[in-house]
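Enquirer: With the sequence up front, the predicted model follows.
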Amino acid sequence: MSFGVPAFAVIGVTVSSQFLAQQPGNGDNGGQGEDFGKSSPVGFLILILFLIAVALLVRSMTKHLKRLPASFDEPAEEAPAAPAASSEADAEKPAESAEKAEKPVAKSD
């Protein structure tokens with residue numbers, strides 16, 4: 001779909017676009033002085049620092065992603081739990097297993 005201008009408005013659109021596209025005649029040049037469009041060495045240094053920071057972040061993230069397990073699903077237990085022989089042993093074992101389950105095991109690097 002294209003934009004069409006009616007025939008009676010062509011002259012008005014052309015004149016207004018010519019007027020709006022002109023640079024100011026008072027020497028201001030709209031803020032475009034002698035150094036307009038040139039970058040400074042400080043800007044280049046900041047750009048290099050950002051690129052180094054991004055490279056270090058990507059490297060760190062890659063290390064962390066390699067440490068993740070392939071799946072977070074818990075493996076299904078194949079063998080059912082064996083019944084205990086005495087009731088006293090039953091009372092002590094769940095407490096011990098609960099303590100072990102609460103303490104996370106730290107991996108050494």
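Expert: Arrived safely, thanks for sending.
Enquirer: Now residue 56, what are its backbone angles?
Expert: phi -70, psi -40 (degrees, to the nearest 10).
Enquirer: and it, how many neighbours does it have?
Expert: By other Cβ atoms under 10 Å, 10 other residues sit near residue 56. For every residue, glycine as well, the C-beta is placed using N, CA and C.
Enquirer: Low-confidence ranges, the chain, go.
Expert: Residue ranges of the chain with pLDDT under 70: 1-3, 5, 19, 21-31, 78-109.
Enquirer: Mind doing that once more with 90?
Expert: For the chain, applying pLDDT under 90 flags the ranges 1-43, 69-109.
Enquirer: mind listing the helices for it?
Expert: 10-20, 41-67, 87-102 (DSSP state H).
Enquirer: Report the separation between residue 51 and residue 44.
Expert: To residue 44, residue 51 is 11 Å away according to Cβ to Cβ, to the nearest Å.
Enquirer: Same question for residue 76.
Expert: Separation of residue 76 from residue 44 (Cβ to Cβ): 57 Å.
Enquirer: Have a look at these two and say which one is more surrounded.
Expert: A direct count of neighbours by other Cβ under 10 Å for residue 76 and residue 44 places residue 44 higher, at 10 against 5.
Enquirer: Could you report the distance from the more buried one to residue 38?
Expert: As judged by Cβ to Cβ, residue 44 and residue 38 stand 11 Å apart.
Enquirer: Over to residue 66?
Expert: From residue 66 over to residue 38 (counting by Cβ to Cβ), the distance is 43 Å.
Enquirer: Next: residue 32.
Expert: For residue 32 relative to residue 38 (Cβ to Cβ), the value is 11 Å.
Enquirer: What of residue 63?
Expert: Going from residue 63 to residue 38 by Cβ to Cβ gives 40 Å.
Enquirer: Could you do residue 75 as well?
Expert: Distance from residue 75 to residue 38, counting by Cβ to Cβ: 62 Å.
Enquirer: Residue 11 too?
Expert: As judged by Cβ to Cβ, residue 11 and residue 38 stand 40 Å apart.
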